[in-house]
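Participant: Coordinates only, no sequence provided:
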DNA sequence: ACGTTGTTGCGAATCGTTCCCAATACCCCT
DNA sequence: AGGGGTATTGGGAACGATTCGCAACAACGT
């Protein structure tokens, strides 16, 4: 039904390419897996498993949440998606190709995508002083965003 | 003096001082609360609620896990303890006075305490480019420790 | 001592995620 | 173009970490 019609022409990687990769690894191209991939390639990052489930269920209502989890796990093993923890609450998933760190505001919950270069100073310091190689992608760094800092500063001086 | 010399000035440096503060805030100095505080002031950081419960129960076997959680919550509200998330799995609690960041190894699970100065570069970058003020204490930064990097490097070159 | 009210023990509820199972559907082979 | 092996599914139960509701209890000011 025109499934491929809304795929961006010339995109470096698409749903069917991923499914070919799945098949090559001994997996199968099931409809739930295809729909999930379409959702992951669609706009909007940082979706939780439950949000993805709802999106998928708008097309195929019988897809179970546990199927979403299993497919995300499988796609993660293939290196297609990754998940990140942005604070308390559920993990969020996005395409592994869109790689970045996360800064998450403790006040309003907003998440900023941070270019990995932002972490270079910390990476260098951790490497030279502790021999530790950081990976800033998996867990967000918490703090307070510009808007909340402004608001809190005003509220503070009464 | 001595033991408490590395604690932040102004923070209560002993069990009874904290309990006085609890009382001043309208709370009560219960035995379970006292024993919990003794465990928190004792050696060894990064204890989970369950570990603390076991330690407390060696002295007072009837103290329930939910009491531990409630007391930790109360002590956190008073600024005496904080918790940090070191990766997947339960949160860990320690005295708020012993303040530091955390680097947690994804391979072996070891946690390094990182002086807050280590995060200065990241803090500066996030502040100037995004207006975001980081707080590196609440969530660990993941990565790979020196020992695991060495081990993995050897295993990798076949 | 006494009463107020903060706290406790206990179990049930919650949330996010994983596990188990029998039934299904994909896809390789012929 | 059909059958069979097996990856995958829906469903629900189990799980770990934490929170909640409630009646009984125990601290502390008076």
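Facilitator: Yep, that arrived. A quick note: this is a predicted structure, and the numbers were derived from the prediction, not measured.

Participant: For the rest of this, base every contact and every neighbour count on C-alpha atoms.
Facilitator: OK.

Participant: Apart from its neighbours in sequence, what residue is nearest residue A:145?
Facilitator: In space, and not counting its chain neighbours, residue A:145 is closest to residue B:132: 4.5 Å by C-alpha to C-alpha, 6 or more residues apart in numbering or on different chains.

Participant: quick one: contacts for the one you found?
Facilitator: Contacts for residue B:132 were tallied using C-alpha atoms under 8 Å, 6 or more residues apart in numbering or on different chains; they are A:103, A:143-146, B:126.

Participant: Of the residues you listed - the most surrounded one?
Facilitator: Comparing these by number of neighbours (other C-alpha atoms under 10 Å in any protein chain shown), residue A:103 comes first, having 28 neighbours.

Participant: Let me know the secondary structure of it.
Facilitator: Here residue A:103 is recorded as strand under DSSP: H, G, I helix; E, B strand; the rest coil.

Participant: give the contact list for it.
Facilitator: Applying C-alpha under 8 Å, 6+ apart, the residues contacting residue A:103 are A:86, A:111-114, A:140-143, B:132, B:134.

Participant: Quick check: beta-bridge partners of it?
Facilitator: Beta-bridge pairing for residue A:103 (DSSP bridges): residue A:112, residue A:141.

Participant: Name the residues of the host helix or strand of residue A:56 that are buried.
Facilitator: For residue A:56, the enclosing helix or strand under DSSP states H and E is helix A:49-59. For helix A:49-59, burial by neighbour count (16 or more other C-alpha atoms under 10 Å in any protein chain shown) applies to A:49-50, A:52-54, A:56-57.

Participant: cool, and stretch A:126-140?
Facilitator: A:126-127, A:131-140.

Participant: Secondary structure class of the residue nearest the centre of chain A, three-state.
Facilitator: Taking C-alpha atoms, centre = their mean, the centroid of chain A lies closest to residue A:94, which sits 2.5 Å from it. Counting by three-state DSSP, the backbone at residue A:94 sits in strand.

Participant: Am I right that it is in contact with residue A:45?
Facilitator: Yes. When contacts are counted by C-alpha atoms under 8 Å, residue A:94 is listed as touching residue A:45 (5.8 Å).

Participant: Now tell me what touches the lowest-mean-pLDDT helix or strand in chain A from outside.
Facilitator: Across the helices and strands of chain A, the lowest-confidence element by mean pLDDT, DSSP states H and E is helix A:146-156, at a mean of 87. The list of residues contacting helix A:146-156 from outside it, by C-alpha under 8 Å, 6+ apart, reads A:107-108, B:130-133.

Participant: For residue A:76, give me its contacts.
Facilitator: The contact partners of residue A:76, by C-alpha under 8 Å, 6+ apart, come to residue A:82.

Participant: for residue A:78, that is, sorry about that
Facilitator: Residue A:78 sits next to residue A:22 when contact means C-alpha under 8 Å, 6+ apart.

Participant: if we can go back for a sec, what's opposite the residue nearest to the centre of chain A in the beta bridge?
Facilitator: Under the criterion used (DSSP bridges), residue A:94 bridges to residue A:82.

Participant: Return the distance of it relative to residue A:40.
Facilitator: Between residue A:94 and residue A:40 the distance is 6 Å, computed by C-alpha to C-alpha, to the nearest Å.

Participant: Report whether the longest helix anywhere in chain A contacts DNA strand D.
Facilitator: Taking DSSP state H as the assignment, the helix of chain A that covers the most residues is helix A:65-77. Yes. Helix A:65-77 lies within reach of DNA strand D by C-alpha under 7 Å from any atom of the strand, at A:65-67, A:70-71.

Participant: Mind listing what's buried along that helix?
Facilitator: A:65, A:68, A:71-72, A:74-76.

Participant: who touches the closest residue to residue A:92 other than its chain neighbours in this structure?
Facilitator: Closest residue in space to residue A:92, ignoring its immediate chain neighbours: residue A:48 at 4.3 Å, by C-alpha to C-alpha, 6+ apart. When contacts are counted by C-alpha under 8 Å, 6+ apart, residue A:48 is found next to A:90-93.

Participant: Which of these ranks first by neighbour count?
Facilitator: Most neighbours among the contacts of residue A:48, by other C-alpha under 10 Å: residue A:93, with 20 neighbours.

Participant: Surely that residue touches residue A:86?
Facilitator: No. Taking C-alpha under 8 Å as the contact criterion, residue A:93 and residue A:86 are not neighbours in contact, 10.6 Å apart.

Participant: which neighbours do the two share?
Facilitator: With contacts defined as C-alpha under 8 Å, 6+ apart, no residue is shared by residue A:93 and residue A:86.

Participant: what's the domain layout of chain A?
Facilitator: Residue ranges for each domain of chain A read A:1-88, A:99-158, as given by automatic domain parsing.

Participant: need those in a markdown table with distance to DNA strand C, can you?
Facilitator: Below are the domains of chain A laid out as a markdown table (distance: least, C-alpha to the nearest atom of the strand, whole Å):
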| stretch | distance to DNA strand C |
| --- | --- |
| domain A:1-88 | 3 |
| domain A:99-158 | 12 |
